[in-house]
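**Q** model this:
(2 chains)
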There are 2 protein chains.
Amino acid sequence: MLHTSRRLISLATGLAIGLGAASASWSAESLQDVMKRRGLTEKDVLAAAKTYVPTGGRDEFVVFSSGGQSGQVIVYGVPSMRLLKYIGVFTPEPWQGYGFDDESKAVLAQGQIRGKDIVYGDTHHPSISETEGNYDGRWLFINDKANPRIAVIDLHDFETKQIVVNPFFKSAHGGAFVTPNTEYVMEAVQYAAPLMEDGFVPLEEFNDQYRGGLTYWKFNRERGRIEPESSFTFELGPYSQDLSDAGKKDSYGWGFTNSFCTERYVGGIERGRPPFEAGCSSKDTDYMHVTNWKKAEELVKAGKVRQEKGTYYIPMEQAIAEGLLYLVPEPKSPHGVDVTPDGKYIIVSGKLDSHVSVFSFEKIMKAIADGKFEGKDPYGVPIIAMQDALHTQVNLGLGPLHTQFDSKPCVAYTSLYVDSQVAKYDYCAGKVLDKLSIHYNIGHLMTMEGDTVNPQGKYLVALNKLAIDRFQPVGPLHPQNHQLIDISNEKMQLLYDMPLPLGEPHYAQAIRVEKLQPTVRYKSGTDSRTDERHPNATRAGRETTERNCDADGKCTVLVKGTVIRSHITPEIIDVVEEGDTVTIALTNLERAQDQVHGFAMYGQNVQLSIEPGKTASTTFVAEKPGVYPYYCTEFCSALHLEMQGYLLVKPKGYEVTAVKMIEGTIYSKADYETQVKTNLETQAVIDQVVAYITARNFKDFPTAVALVEDATDQLGFAQEAKAKAESAAGTEDWQNAMLWANQWWQYQVKAADLGLRAKNLLDEGGAKVTQ
Amino acid sequence: MLHTSRRLISLATGLAIGLGAASASWSAESLQDVMKRRGLTEKDVLAAAKTYVPTGGRDEFVVFSSGGQSGQVIVYGVPSMRLLKYIGVFTPEPWQGYGFDDESKAVLAQGQIRGKDIVYGDTHHPSISETEGNYDGRWLFINDKANPRIAVIDLHDFETKQIVVNPFFKSAHGGAFVTPNTEYVMEAVQYAAPLMEDGFVPLEEFNDQYRGGLTYWKFNRERGRIEPESSFTFELGPYSQDLSDAGKKDSYGWGFTNSFCTERYVGGIERGRPPFEAGCSSKDTDYMHVTNWKKAEELVKAGKVRQEKGTYYIPMEQAIAEGLLYLVPEPKSPHGVDVTPDGKYIIVSGKLDSHVSVFSFEKIMKAIADGKFEGKDPYGVPIIAMQDALHTQVNLGLGPLHTQFDSKPCVAYTSLYVDSQVAKYDYCAGKVLDKLSIHYNIGHLMTMEGDTVNPQGKYLVALNKLAIDRFQPVGPLHPQNHQLIDISNEKMQLLYDMPLPLGEPHYAQAIRVEKLQPTVRYKSGTDSRTDERHPNATRAGRETTERNCDADGKCTVLVKGTVIRSHITPEIIDVVEEGDTVTIALTNLERAQDQVHGFAMYGQNVQLSIEPGKTASTTFVAEKPGVYPYYCTEFCSALHLEMQGYLLVKPKGYEVTAVKMIEGTIYSKADYETQVKTNLETQAVIDQVVAYITARNFKDFPTAVALVEDATDQLGFAQEAKAKAESAAGTEDWQNAMLWANQWWQYQVKAADLGLRAKNLLDEGGAKVTQ
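**A** Got it, this is the predicted structure:
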C-alpha cells in the first residue's frame, strides 16, 4: 500500500501549495507588451475590457436566439458573448436526452405533421413571455417556419414542454410574438396554401383557394401551456404574411402583421416565367394587416366564432363585417413591423425601399373611426391610405429590415441589409443620428429588452447573415456572426464578433439576468417534461426489475432504477428475453448542483440526461439476443468509468443453468485490514480539510455551503458501506468485507473531492478565518 | 416610384456617412472608467488583452474537441475561445443537412449496429492525422464509446466522410489515437464482452468468454478512408481497456494501452454485491498493455494472421507466442497513458493514486529482450515488473488523470481530478514546478499540439467536468467549462472560462491555424460525402424534372435542379402523384465564399445545406396528396424569403383539367417604363460604387477581389434579364417585360450589395486611392 500512504502526503502538500500560490506573481508581460505582441490597438483593449467576464462572473443580459435550421434555441450572455446552451426544441439532441428519452419523445410527438414524425424545424423568432409589456422571464416561445408549429420552453429548467401544430397552415415564418400579458402568441402564414384542405388544390386556383392567415394562440399561464381549444385564426388573403408585433400601451388589444408578394405572383422559372423573386417584388407597396384581437376574443367568448379543427376560425368575411381586420399599404417587401415602447407608432422597414415608415396608431384608429378608406383589396378588406396612417418616413439606406429601441425616448436602430450597416435615428423627428458598418449583411438586430415597454439600452447585437472572412476558415459552411455593439454613447462602437458554431439565428431577445431564476434540481422523481411525479420514479433501496407477460406471450420488462455517484442500480438486468419490450426508468438521487448522470447502452439508441431529482426513461424492443453494456455518460466522479452495467438479452426460451459467478480476484483478511487502515488515514485527512473549511466563514459562500452539504451526504454513505464491511468481516467473509471497505473508501474520496473544491473556492474568494 | 428615387439618394448619402464615421470619436469612457464600472482588476484586463481577437482577426490555434453525448465534434479557436463549428458525426444535425440529405444518410448508414440505425454516439477522443509525429491537418478521427465506432472527418471541408463499426467490440472508450504517420488508428474495448459472438453469453462466464481487445484500424491516405480489410485486432483479457497512445521516435512501432478493473469484477448492487466501482478499484495496480503493431503488421502482410469478420484477428495465444503483447503493472484505475515528445517515456496517471508513473521505453525493451518477467496474467501474457519498467514516479496530488507536454524539454502538465488542479512538473527530474486551481474537477487537459513530437507551448486548456457556479444559471443541466491557461511563464495564469453550450467534451487537440487549409467551395456538382461528381448534378439551364413508372406501376420522380440568389429551379414540381418516390437533387451554382443555400419542405423532414458547388439531394415518398411549400433556409440575399416553390402531390389517377393561371397583378407599359428608368438610375449608382472601389488598391484585399468578381457575375445575370425584358417589350408583352425588368433590378440590388460590402471592407482596411 505504498501509494496509499503517499496519497495522504500529497493531500497535505496540496494544501500548502494552494496557499502559497495566491501570493505569487501572475505574469511576466505588461499590458503594453501584450498589445504589441498581439497587435491590439487601444480601442481593441477597451472593447476587450467592456466584454471580458472573469471566472465566476456574471453577464448583464441573457440572450435567447433562434437556431434556424438547427431546430434549436441558442442561449448566450451579453456582454461576454459566451454561448451558454443550445436547447433542443424541434430536433432531437442526445446530450440533453432530447428525443432519446420517452418523456421528450412525447413532446416531439405532439409536433407530428399529418401523422408523420418531423425531426426538423426552422426556428426563427423567439419571444419571451411578458407581463404588462415587460419580459417576465417565465417562458419562451419559438416558431418553426418549415412546419407551422410553436414550441413552449419553460425557463425554470430551460426545457421544451409543448409543441403545437397549426391545423390550417403549411408554413409559418411570422411567429412567435406575444401580446403584453402573454394572453396570446401570434403566428402568421408565410407561403399561402389551402387552409381547410390538407389535400391537393391546383396552383391555378391560387387566387381563390390559397390563403394566408394569422393565429392568436391562447396561452394559459396557470398551466404554462398553449390551449388550441381557446385559440383563434384569421383567414387572410394569399399574401405572404411576414412578421407581426402586438400593440402595447396605447395600442393594446391590436396586432400588426406585414406581408410581401401581395402581387399574388406564382413563379415557375423552369417553364419560362420570371421567378418568384421578380414577381413578388414588382409593386411599390405591400400590406400591413391590422387586427383587433381583443374584440375577436370577445366574439369567441360570446360563441360567435365558428369552430374548426379543434380551434376557432374567423373567415375574412366575418373579420371585415365585425371590424377586426384592416390593411395599410407599406413600402415593398417589408420584414420588420415594430411597435414603439409607448405603443404610439409602428415602424415598418421595407427591404427594397430605403426608408423606414413610421405609422401612427392614433391616425390608423382615426381612419377606422371615420370610415375613411382608399378602397378594398380583392377580398373586400378595407384599405387605409398610407398617407392617412403615416407619421413620417426616415431615409436610412438600402435594405432596412428590422427595428429595435433604445432606452432613450424616440431613439431607434434599424438594420440595413444591403448597406451592411446599423442606422440610429430619431423616429419622432425623423432624423438620422449615426451609422455603423457591420460584417456582413445584417438581418435582425436586437437591443436589450428592445421589444418591451422599457428597453434597457447599453448594447445592441447585429445578427449578420454572412461572415465570409471574419473567422478562421472551417470549410465551405461558415459560422454566423453576431456582432456586439456598444450603444451607450452617441456614436455606436463595435465591441465583439461572436461566431455561431451551429445553426443560423434569425432573431433573438435579451433579458436582464436577474429576471431569470432557473432551478438547479428537480423534486425527486420528477418527469421534467410534465413537471409532475414520474409514474416510474423510485427511491434508494426500492429499485425493482419486473417482467410481465400477457396472454399472447408478449412480455414487458420494467426497471425502476436509480443513479448516484458512481453506480447504477441495477447493475445487471438479466430477465430480458429476445422480443421483450424493455422500459428502464432511472431516478437521479443526487441533490447537488450540476451532479448530472447519463445513461447510454450499446446498440439501442439510448441516451438519457438525468439531472438531480429527475426521472427519465427509455423504452425499446430487445430485438436480438446479446450482451449490451450500459454506463453513465456524464463524467460524474473519479470512478465515473466504473459506473457501468450489463443488459443481457437471452434467446427465446433459454434455459438458465445454475452457474456460479467465478470471482476474478480473491481477497484475504490482510487485504481487508490494509484497506481499513487506508480508510482511517483518509478520514484523518478529510478531518483536516473539514477543519480548514469550518475555521473559515464558509457560510458566506453559498456554493461552499452546498459542497459541504454534499460531502456530509457522502460521508453518510461511507458510514453505511463501513457497516456492511464490518458486518461481512464479522462472519469472516473477507471477499465482501474488502469490497465494501473499498466502497467505503470510494465515498471518502468523493467527500474529499467536494472538500477540496470548497477549499479552492474559499481560497479564491478570500474567505476569512473565524475560529 | 417615389421611393425608388429616394433610394438612390440614400445610397449616395450612405457613402458620405460611411466616410465621415471613420474620424469620429468612438468612446466616452476610458479604460479606467470601464474597469471601475465593471469591477475588473489589472489581472483581468491583462487576461482580456491576451484572449481578445478583434473583428476579422485570427486565432493562433484551432481546437478539435469531442462533443461527448452530443455525438458531434466541436471546433474552437485559441486564445479567443470562440466556438467556430459543431461538426455532425454520429448524430443527425439539420443545419449541416447531416442525416437529412441522401449523401450524409449514406455515411450514417455505415454506422448501423446489427442492422439498426444508430443516431447516437458518445464521442471521446479526437485525433488529428500525423506525418512524422506532427499534426498535418488533413483528417480528424473520433470514436464513439457507446457503440464501438470510428468516424473519419476530412479537414478540407470539415465533413464526416466515413464511419466504421468494430466487428468484435460492444463498447470502445479508448479511441481514436493515431500512429506517427497515421498508418493506424487505435481503438480499445472498454467494457468486456464476447468478441466473436454477437449473441447471448451468461455473465457467469465472464472470465472465460468475455474479452477486451485493441484494434489497429488501417488508414489509407490516398483514399482518405479507413480500410477494415487491412486492419487487425488484438484479443485482450477482460480488463476494461482504457486510453492508448502510439509510440513515437524511439518507441515507434509500439503502442501503449492502459486498463482498469483488472480485478475482473462483475457487480450487481441490486443483488447485494458491492457495486462495480468498489470491485473495479480494489487492487493497487492495473495493467498497461504494450503492443508491437509494426511486427503485427508484418505478420498480417505475411498471411500469418487469421481473417475474421472481414478483418484480421490476433488471438492472445498468437500475440504471446509472437512477442506482440506484454503487460506492465501501473497504479490503480489509470486514465491517461501519454508518450513523451521524444518517445522515450510513457507517463501513466492512476486516478486513485497520487502519482504519475513515468515508464521508460528503453527499460521495457530491455526486460523484453532479457526475457525478464515477474509472471503471467491468467491468460498467459507476460508481465514486466513495475520496478523494471519505471523511470520515476512524481507525487502530484489526488486524482491524476491525463498528461500533456510543453515545448520546453522534460516539462509536463497533469490534470488532478480530485484536487481540481493542474500540476506542472519536470518528468525527467521528478520535480513539481507549479500548481494552479481550476473550476472544477478537470478531466483531460490539452496543450498546443501537445500530443506531437513538437509541442508548441503557450496555452493549456483545462477540460473541466463541472461548472457549478461559474456561469449564469441555465437550468439543472449546466454547460461544461473549458478554462484557458497561459503557460508561457513559470507560473501558470488562468485567462478565460469558456462555457460549452452543447455536449460534454472529453478530450481535444489543438493545431496551429496555418496547418489548416480548408476550401470555401466545391467543384460544381460535387457530392461532398464522396468528393466525387454527383450523378444528379446539373447546370444552369439544364434543370429537369422527370417521372418514370415501372411495370408494377411504381413511379419515381427525379428533379435535377439548381439554386442561386434567389430562386430555386424548378419553382413548381407538379408531376408527382400520391405514392411516388421523389428525389430532389439541387446544385448550388454560386462560387462566392459563404453563399450557401438551404432547402426545406413542409411536412417531409427535408433540410439540405448546399454550399457553393455542392450537389445535395433528398429522397422521400410522397405519401399524401397535398400542397407542400418549399424554400431556401439560408438568408442568402434581400430577396431570400421569395426564394420559394411548391411541390404539388396529386391524388392517384387525378385528371388534369386545363386551367390557366390567373395573374394576381397586371402590369402596363407604363409600369415597365418606370421600372426601366429605376434600373438605369440604379446602374448609375452602381457605377459610382464601382468607381469608388476601382480607384483604390482593392486588389490588395482578397475578400474585396472576390466580392467584385461576384458582383460582376450578378451584373452579367442582370444583362440576361434585361435582354428578356426587352424581348418581351418588343412583342408588347408588358406583363413579362415588367417582371423581367424587375428581375434585372433584383440582380442590380445584389451587385450593389456586394459593392457596398467591398466598399466597407476597403474603408475599414484603410485602402489607398491609386487612381
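
**Q** use CA for all of it now, contacts and neighbours both
**A** Noted.

**Q** A helix includes residue A:338, no?
**A** No: using DSSP: H, G, I helix; E, B strand; the rest coil, the assignment for residue A:338 is strand, not a helix.

**Q** quick one: pLDDT of it?
**A** In this model, residue A:338 is scored at 98, pLDDT.

**Q** Let me see the contact set for residue A:236.
**A** Shown in contact with residue A:236 (CA atoms under 8 Å, 6 or more residues apart in numbering or on different chains): A:211, A:212, A:213, A:214, A:315, A:316.

**Q** and which of those is nearest to chain B?
**A** Of all those, chain B sits closest to residue A:211, with 12.0 Å by CA to the nearest CA.

**Q** if we can go back for a sec, selecting buried members of the contacts of residue A:236 in PyMOL, what would you type?
**A** Buried residues within those, by 16 or more other CA atoms under 10 Å in any protein chain shown, are selected in PyMOL with:
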select buried, chain A and resi 211+212+213+214+316
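
**Q** So which of the contacts of residue A:236 are in strands?
**A** Of those, the ones assigned to strands by DSSP state E are A:212, A:213, A:214.

**Q** residues touching the first one, list them.
**A** Counting by CA under 8 Å, 6+ apart, residue A:212 makes contact with A:169, A:188-193, A:195, A:235-241.

**Q** Residue numbers of the stretch 101-250 of chain A in contact with chain B?
**A** Residues of the stretch 101-250 of chain A found near chain B (CA under 8 Å from any CA of the partner chain) are A:113-114, A:116, A:118-120, A:122, A:146-147, A:155-158, A:170-171, A:191, A:193-194, A:198-205, A:207.

**Q** Take the residues you listed and keep only those in helices.
**A** residue A:207 (DSSP state H).

**Q** Sketch out the low-pLDDT regions of chain A for me.
**A** Chain A contains residues with pLDDT under 70 at A:1-27, A:658.

**Q** And the helices in it?
**A** Secondary structure of chain A (DSSP H): helices at A:2-21, A:31-38, A:42-51, A:102-109, A:206-209, A:276-279, A:293-301, A:316-321, A:361-370, A:386-389, A:669-694, A:702-730, A:734-765.

**Q** I'd like to know which of those helices is closest to residue A:511.
**A** helix A:42-51 (16.9 Å; CA to CA).

**Q** Output the set of residues of the stretch 651-771 of chain A in proximity to chain B.
**A** Residues of the stretch 651-771 of chain A lying near chain B (CA under 8 Å from any CA): A:651, A:659-665, A:703, A:736, A:738-740, A:742-743, A:746, A:749, A:752-753, A:756-757, A:760.

**Q** how much space is there between the residue most central in space within chain A and residue B:474?
**A** By CA atoms, centre = their mean, chain A has its centre lying nearest to residue A:87, at 3.2 Å. From residue A:87 across to residue B:474, the span is 10 Å (CA to CA, to the nearest Å).

**Q** Now list whatever residues contact both of those two.
**A** Here residue A:87 and residue B:474 have residue A:158 as joint contacts, going by CA under 8 Å, 6+ apart.

**Q** hmm, back to that, mind giving me the PyMOL command for buried ones among the residues of the stretch 651-771 of chain A next to chain B?
**A** The command below creates a PyMOL selection of those among those that count as buried (16+ other CA under 10 Å):
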select buried, chain A and resi 651+662+664+703+736+738+739+740+742+743+746+749+752+753+756+757+760
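
**Q** re the thing from before, looking at the helices of chain A, which is buried most?
**A** helix A:276-279 (a mean of 26; mean count of other CA atoms under 10 Å in any protein chain shown).

**Q** That one vs chain B: in contact?
**A** Yes: judged by CA under 8 Å from any CA, helix A:276-279 comes into contact with chain B at A:276, A:277, A:278, A:279.

**Q** got the contact list for that helix?
**A** A:261, A:263, A:265-268, B:566-567, B:571, B:639, B:642-644, B:739-740, B:742-743, B:746.

**Q** rerun that using 6 Å as the cut-off
**A** Outside helix A:276-279, the residues that touch it by CA atoms under 6 Å, 6 or more residues apart in numbering or on different chains are A:265, A:267, B:642, B:739, B:742, B:743.

**Q** The closest residue in space to the last one that isn't next to it in sequence and residue B:725: what is the separation?
**A** It stands for residue B:743. Nearest residue to residue B:743 in three dimensions, chain neighbours excluded: residue A:278, at 4.7 Å (CA to CA, 6 or more residues apart in numbering or on different chains). Relative to residue B:725, residue A:278 is positioned 12 Å away (CA to CA).

**Q** now swap in residue A:504 and tell me
**A** From residue A:504 over to residue B:725 (counting by CA to CA), the distance is 35 Å.

**Q** same question, residue A:531
**A** Between residue A:531 and residue B:725 the distance is 61 Å, computed by CA to CA.

**Q** what's the neighbour count on residue A:101?
**A** Neighbourhood size, residue A:101 [other CA atoms under 10 Å in any protein chain shown]: 24.

**Q** between the helices of chain A, which gets nearest to residue B:634?
**A** Nearest to residue B:634, of those and by CA to CA, is helix A:276-279 at 15.0 Å.

**Q** which residues touch residue A:144?
**A** Residue A:144 touches A:121, A:122, A:123, counting by CA under 6 Å, 6+ apart.

**Q** What is the burial count for the closest residue to the first one other than its chain neighbours?
**A** Read that as residue A:121. Among residues not flanking residue A:121 along the chain, residue A:71 sits closest, at 4.4 Å (CA to CA, 6+ apart). By other CA under 10 Å, 31 other residues sit near residue A:71.

**Q** Dihedrals phi and psi, residue A:71?
**A** Dihedral pair for residue A:71: phi 80, psi 10, per degrees, to the nearest 10.

**Q** Quick one: residues contacting it.
**A** Here residue A:71 is in contact with A:90, A:91, A:120, A:121, A:122, A:123 (criterion: CA under 6 Å, 6+ apart).

**Q** same check, this time on residue A:97
**A** Counted by CA under 6 Å, 6+ apart, residue A:97 has contacts A:607, A:608, A:609.
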